[in-house]
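> Quick one, what's the 3D model for this:
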Amino acid sequence: MRRIMAATALAVLVLGAGCSNNSSGGTGASSAPTTPAASPTADVAANTKQVCDEVKQLNTDSAKKVADAIAKATAAALKGDEAGAKKAVDEANGLTRDWVTSLRAEAGKAQNPELAKALNDIADKVEKLLGPDATSDMMNKTVQEAATTLKSLCG
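Predicted coordinates for the structure are as follows:
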């Protein structure tokens, strides 16, 4: 039950913890560059925005899927259906593992070394939450640190 509560809190908190899309005005990604070839700095900035946008969507989608599985586990546990609760917890754990794998894939795409490192670090910390010693406090700390890190790198 402790893992169910930790995973539920993780899912709820991460829904709002992804990279925010706080672009202020501008013409957006569809603007044509003013020079034939973009500078390396512009390429890294564009890549960072793309990776941040993908991570934001990944976090939103993954958190919803995990939260849905946890809701099933909680409902089953409240009904005394241990087998149903275990099945739903296993589903949530599998979804969390997929999430970790996807975070690492996004880190591999990131040209900004700070963003790549941050995504790998976040993936490592989320993965540790699958362990038997995970606590709600660990989960809260992981989510808060991830949100702060992503906000500083993604805006």
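> Please, which helix or strand holds Glu91?
Using DSSP states H and E, Glu91 falls within helix 82-109.
> From the contact counts, what lies against the longest helix anywhere in the chain?
Determined from DSSP state H, the single longest helix within the chain is helix 40-78. Contacts defined by 3 or more CB pairs under 8 Å, 6 or more residues apart in numbering; DSSP states H and E place helix 40-78 against helix 2-14, helix 82-109, helix 113-128, helix 136-154. Heads up, the C-betas are built off the backbone N, CA and C, glycines and all.
> Among those, show the one with the smallest mean pLDDT.
Per-segment mean pLDDT for the helices and strands packed on helix 40-78 reaches its minimum on helix 2-14, at a mean of 52.
> Apart from its chain neighbours, what residue comes closest to Asn112?
Thr48 (4.7 Å; CB to CB, 6 or more residues apart in numbering).
> and that neighbour, what does it touch?
Taking CB atoms under 8 Å, 6 or more residues apart in numbering as the contact definition, Thr48 lies against Ala110, Gln111, Asn112, Leu115, Leu153, Cys154.
> Make JSON lines from these and add neighbour count to it.
What follows is the contacts of Thr48, written out as JSON lines (neighbours: other CB atoms under 10 Å):
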{"residue": "Ala110", "neighbour count": "23"}
{"residue": "Gln111", "neighbour count": "15"}
{"residue": "Asn112", "neighbour count": "17"}
{"residue": "Leu115", "neighbour count": "24"}
{"residue": "Leu153", "neighbour count": "20"}
{"residue": "Cys154", "neighbour count": "21"}
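> Let me know the pLDDT of the residue sitting nearest the centre point of the chain.
A centroid search over the chain (CA atoms, centre = their mean) returns Asn59, at 3.6 Å, as the residue closest to the centre. Per-residue pLDDT puts Asn59 at 84.
> and the longest helix of the chain, which residues are buried?
Neighbour-count burial for helix 40-78 flags 44, 48-49, 51-52, 54-56, 58-59, 62-63, 65-67, 69-70, 72-74, 76-77 (criterion: 16 or more other CB atoms under 10 Å).
> Thanks a lot, see you next time.
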